[in-house]
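Visitor: Structure of the sequence below:
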Amino acid sequence: MVEVRIRRDDRDRVASFSASGHAGWAQSGDDVVCAAVSAVLQAAWLGLSEVAKIDVDARRESGSLELAWPQTARGHAAVRAIAGTAALAVERIATQYPDHVVVIREGGDG
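Guide: Purely as a prediction, here's the structure:
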């Protein structure tokens, strides 16, 4: 199962993503669920660093990806749009494949 942690700060802004594990929907290389989560989060990383032009603290290893960005950047419209869209997309994937993806929400005001 893929576990995705979406952490929000005290102003309810997405502050980081952490994903680990494998979906187990299909064999490695054919697992579209794992690929979907990975593609969404890697697109967010690219958008944050190349479009929003912010420094993203990122770590990628086999079976895991962690992304975090500075508090000072979280209020920027582009950062909010990119991170919010990625969070929504991963949550929808988890809804469609509940036996393969779980989203854990941390922090925020609720």
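Visitor: tell me, which helix in the chain spans the most residues?
Guide: The helix of greatest length in the chain, counted in residues with DSSP state H as the criterion, is given as helix 77-96.
Visitor: for the record, mean pLDDT for that one?
Guide: Predicted confidence along helix 77-96 averages 97 (mean pLDDT).
Visitor: Same question for stretch 100-110.
Guide: Mean predicted confidence for stretch 100-110 is 85.
Visitor: What residues are bridge-paired with the residue nearest to Glu106 when sequence neighbours are not counted?
Guide: Nearest non-adjacent residue to Glu106, counting by Cβ to Cβ, 6 or more residues apart in numbering: Arg7, 4.5 Å away. For every residue, glycine as well, the C-beta is placed using N, CA and C. With DSSP bridges applied, the residues forming beta bridges to Arg7 are Ser16, Glu106.
Visitor: Could you pull out the buried residues of the longest helix of the chain?
Guide: Counting neighbours by 16 or more other Cβ atoms under 10 Å, one finds that the buried residues in helix 77-96 are Val79, Ile82, Ala83, Ala86, Ala87, Ala89, Val90, Ile93, Ala94.
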